[in-house]
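**Q** After the sequence you'll find the predicted model.
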Amino acid sequence: MPCPSGSTVRRPSALTKYAAGLHTRGSRTYGWVHVLGVRRRWRRRGLGSALLRASFSEFGRRGATRVGLAVDAENLTGAVALYERVGMSAVRRYDIYEKRWSSGLASKP
């Protein structure tokens, strides 16, 4: 399979993780990219944007008018910049709180 950088890929699964579908709850016009990942050595070759653009096309063919995904806004892989390059923008942000401890039980506050 040729990839956007011009290289030939024998096993696409060795390069990426990818899953997408229409929302099963709520609007049938809202596509959702469940997983998108490109292995480190294959990044910066256009694979992520190619997968997203193919998703947009397929979702549009199926009647979707919006596509969403979730991302850690502080990740260091360049994912946020990729999503912005293909025309996506943040519409909602969440904070997740956690507490860590080393023993098997959490100490009381």
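**A** On my side now, so go ahead.
**Q** What are the boundaries of the helices in the chain?
**A** For the chain, applying DSSP state H gives helices covering 47-61, 79-85.
**Q** Make TSV from the ones you listed and add mean pLDDT and distance to residue 102 to it.
**A** For every residue, glycine as well, the C-beta is placed using N, CA and C. Shown next, in TSV, are the helices of the chain (pLDDT from 0 to 100; distance: least, CB to CB, whole Å):
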stretch	mean pLDDT	distance to residue 102
helix 47-61	91	37
helix 79-85	95	31
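**Q** of all those, which lies closest to residue 69?
**A** Closest approach to residue 69 among those is made by helix 79-85 (7.2 Å; CB to CB).
**Q** who does that closest one touch, helix- and strand-wise?
**A** Counting by 3 or more CB pairs under 8 Å, 6 or more residues apart in numbering; DSSP states H and E, the packing neighbours recorded for helix 79-85 are helix 47-61.
**Q** Check which residues of the helix it packs on are buried.
**A** Buried residues in helix 47-61, defined by neighbour count with 16 or more other CB atoms under 10 Å: 47, 48, 50, 51, 52, 55, 56, 59.
**Q** Name the single longest strand found in this structure.
**A** Counting by DSSP state E, the longest strand found in the chain is strand 30-38.
**Q** That strand - contacts with which helices or strands?
**A** Strand 30-38 makes packing contacts with strand 16-22, helix 47-61, strand 66-68 when contacts are defined by 3+ CB pairs under 8 Å, 6+ apart.
**Q** quick one, which of those is nearest to residue 39?
**A** Of all the helices and strands packed on strand 30-38, strand 16-22 comes closest under CB to CB, at 7.0 Å.
**Q** Now the closest one: average pLDDT?
**A** In this model, strand 16-22 has an average pLDDT of 64.
**Q** Stretch 87-96 too?
**A** Mean pLDDT, stretch 87-96: 91.
**Q** I'd like to know how far the residue lying closest to residue 85 once chain neighbours are set aside sits from residue 55.
**A** Leaving aside its sequence neighbours, residue 85 sits nearest to residue 49 (CB to CB, 6 or more residues apart in numbering; 6.5 Å). Taking CB to CB, to the nearest Å as the measure, residue 49 and residue 55 are separated by 10 Å.
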